[in-house]
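Student: My questions concern the predicted model and sequence given below.
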Amino acid sequence: NHCVGQPRARFTKPSQRPIEKLSAVDLDALAADVWAMSPPCQPHTRQREGLAEQRRDADDPRAASFLHLCALLGQMVAPPSTIV
């Protein structure tokens, strides 16, 4: 068995808080070495071109959680070594 002698994975109960409410301290407390992310693509798609009433890129509220996490990376004491 290739898992023999390997440290046991530590699982944390998922938070119900919005990502925008998390702080760098909250993320450091998780001690996550890898972040697996799937940010929303809608704010950045070409299908939105020509729709004046639609906000794009960083101005789209759906991008807020991803932008918040990006901002927190620079504030973390121990940021993840890998983001996928």
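Tutor: All right, it came through fine.

Student: Quick check: phi and psi at the closest residue to Pro18 other than its chain neighbours.
Tutor: In this structure, Pro18 finds its nearest non-sequential neighbour in Ser65, 7.3 Å apart by CB to CB, 6 or more residues apart in numbering. In short, each C-beta sits where N, CA and C put it, glycine included. Backbone torsions for Ser65, taken as degrees, to the nearest 10, come to phi -70, psi -40.

Student: My guess is Ser65 contacts Ile19. True?
Tutor: Yes. Between Ser65 and Ile19 there is a contact under CB atoms under 8 Å: 3.9 Å.

Student: So between those two, which is more surrounded?
Tutor: Ser65 (17 against 14; other CB atoms under 10 Å).

Student: contacting residues for that one?
Tutor: Counting by CB atoms under 8 Å, 6 or more residues apart in numbering, Ser65 makes contact with 18-20, 39.

Student: For Pro61, state which of these is nearest.
Tutor: Glu20 (9.9 Å; CB to CB).

Student: would you list every one of the helices in this protein?
Tutor: Using DSSP state H, the helices found in the chain span residues 24-30, 64-73.

Student: what's in contact with the first one?
Tutor: With contact meaning CB under 8 Å, 6+ apart, helix 24-30 is reached by 12, 72, 75-78.

Student: Out of the residues you listed, which two sit at the greatest distance?
Tutor: Longest distance between any two of the contacts of helix 24-30 is 20.0 Å, between Thr12 and Gln75; criterion CB to CB.

Student: who wins for most neighbours among the contacts of helix 24-30?
Tutor: Leu72 (18 neighbours).

Student: and the gap between Ser81 and Leu73?
Tutor: 12 Å (CB to CB, to the nearest Å).

Student: So which of these two has more stuff around it?
Tutor: Between Ser81 and Leu73, counting by other CB under 10 Å, Leu73 is the more crowded of the two (13 against 9).

Student: who's in contact with the more buried one?
Tutor: Leu73 touches Pro79, counting by CB under 8 Å, 6+ apart.

Student: so what's Ile83 bridging to?
Tutor: Trp35 (DSSP bridges).

Student: Please list all residues in contact with it.
Tutor: With contact taken as CB under 8 Å, 6+ apart, Ile83 is in contact with 34-35, 37.
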